[in-house]
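Asks: my questions are about this predicted structure, shown below with the sequence.
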2 protein chains.
Amino acid sequence: MSNYYQGMKADMKSELIIRQIGQVRDKANAFLIKELKRRHMKGIAPTHGDILWALYTYGELPMNKLAQIIGRDKSTVTALVNKLINFKYVEKRTDPADSRISNIFLTEKGRAMKQDFWEVSEALRAKAYQGLSKEQMATLMELLNKIQENL
Amino acid sequence: MSNYYQGMKADMKSELIIRQIGQVRDKANAFLIKELKRRHMKGIAPTHGDILWALYTYGELPMNKLAQIIGRDKSTVTALVNKLINFKYVEKRTDPADSRISNIFLTEKGRAMKQDFWEVSEALRAKAYQGLSKEQMATLMELLNKIQENL
DNA sequence: ACGTTATAGTTTGACATCAAACCTTTTCTA
DNA sequence: TAGAAAAGGTTTGATGTCAAACTATAACGT
């Protein structure tokens, strides 16, 4: 951030935490997009990655669970999932017990990408957390959790 | 966040910091939008607020400085500023020393909103930082700065 | 059993956002 | 001095995102 914040009143600085959080988020996303692109996964946004990550972790999931996990609106998930379907990373099938429910599952192609995703995520971690100890990271997580609970 | 993260491998937890950062950001934005709306400032997004905030703080600014301050692309700032112009919160005038440069300044109506913005920002702070000490906030800021520098 | 209410996911519209291309103006270099 | 390069901001296209409205299905209450 530029010098524009020099000389600010002290009580305005606490506002900067939320701004900095936004900055970190933007930068992390930019990094992810770049890394995904580098691995020929162009067109995959961080939230597509979130969906794939959820499927790698939990296996087949209904749409509303995906929406919950990645923290996005149902309608957003529809569009995201449809793109992944077009790319043939996932498929959709109706739940036999409740035909309102669409379950999303990984294709062979989608499963084959797991390693790449792990590497991208590793790269992000390595870069972001340089010079941070385990304790610092734990503290950070604790504070972020606190703020999230507050909001 | 739901129970889906229970039982995860320990080394995956550090990935959650970035996710949590995203969540906090999303929630903060949602809060801001709600509060702005409540004050009849519908249609004003957090980034519009960032622009107004920059103008409150620094006075008249050229477009590229606004883009730098709020961390957004020039073309985004064009659209954001145009909306603020339509709402009559700001106006634009060409710099006499360099006719490529458009300077953006607050109107009377825009200046009259400062108090509301301060209150919204206060409300966000009050809510987000409940139960956090000054030291914790300083620690948090320090860690976020570190991550941002890394990325 | 039937009508009402709730749920799951989709469609539609609006908009913030970025990247690329573009146009005008200014700066730089030979 | 003239042409090339750079800078400032706009336009255009694509896309993630949310909210509202919608459709089909399931659950609930009488």
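Replies: Cool, got the structure. Numbers count the residues shown, from 1 in each chain, chains lettered A, B, ... in the order given.
Asks: low pLDDT regions in chain A?
Replies: A:1-15 (pLDDT under 70).
Asks: make it 50
Replies: Applying pLDDT under 50 to chain A flags residues A:1-12.
Asks: close to DNA strand C: what parts of it are there?
Replies: Taking CB under 7 Å from any atom of the strand as the contact definition, chain A meets DNA strand C at A:26, A:30, A:62-64, A:67, A:74-75, A:77-79, A:81, A:92, A:98, A:100-103. Heads up, the C-betas are built off the backbone N, CA and C, glycines and all.
Asks: if you set the cut-off to 10 Å instead, what comes out?
Replies: A:22, A:26, A:29-30, A:33-34, A:61-68, A:73-82, A:85, A:92, A:94-95, A:98-104 (CB under 10 Å from any atom of the strand).
Asks: narrow these to those in helices?
Replies: A:22, A:26, A:29-30, A:33-34, A:63-68, A:74-82, A:85 (DSSP state H).
Asks: and those residues, which of them are buried?
Replies: By neighbour count, with 16 or more other CB atoms under 10 Å in any protein chain shown, these hold A:22, A:29, A:33, A:63, A:65-68, A:77, A:80-81 as buried.
Asks: keep only the residues you listed that also lie close to DNA strand D.
Replies: A:29, A:33, A:67, A:77, A:80.
Asks: what's the farthest-apart pair in the residues you listed?
Replies: Largest separation among these by CB to CB: A:33 and A:67, giving 21.5 Å.
Asks: all strands of chain A, in order?
Replies: Here chain A has its strands, by DSSP state E, at A:61-62, A:90-95, A:98-106.
Asks: who wins for proximity to DNA strand D among those strands?
Replies: Counting by CB to the nearest atom of the strand, DNA strand D lies closest to strand A:98-106 out of the strands of chain A; the figure is 3.9 Å.
Asks: show me the contacts for the residue nearest to the spatial centre of chain A.
Replies: Residue closest to the average C-alpha location in chain A (CA atoms, centre = their mean): residue A:50, at 4.4 Å. Counting by CB atoms under 8 Å, 6 or more residues apart in numbering or on different chains, residue A:50 makes contact with A:69-70, B:19.
Asks: filter the residues you listed down to the ones near DNA strand D?
Replies: With the criterion set as CB under 10 Å from any atom of the strand, the members of the contacts of residue A:50 near DNA strand D are residue A:70.
Asks: rebuild the contacts of residue A:50 as TSV, extending it with distance to residue A:38.
Replies: Output for those, formatted as TSV (distance: CB to CB, whole Å):
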residue	distance to residue A:38
A:69	26
A:70	23
B:19	22
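Asks: would you tell me which one of the strands of chain A is buried the most?
Replies: Highest mean neighbour count of those: strand A:61-62, a mean of 18 (counted as mean count of other CB atoms under 10 Å in any protein chain shown).
Asks: so is it next to chain B?
Replies: No - Strand A:61-62 is not in contact with chain B by CB under 8 Å from any CB of the partner chain; minimum separation 9.1 Å.
Asks: thank you, goodbye.
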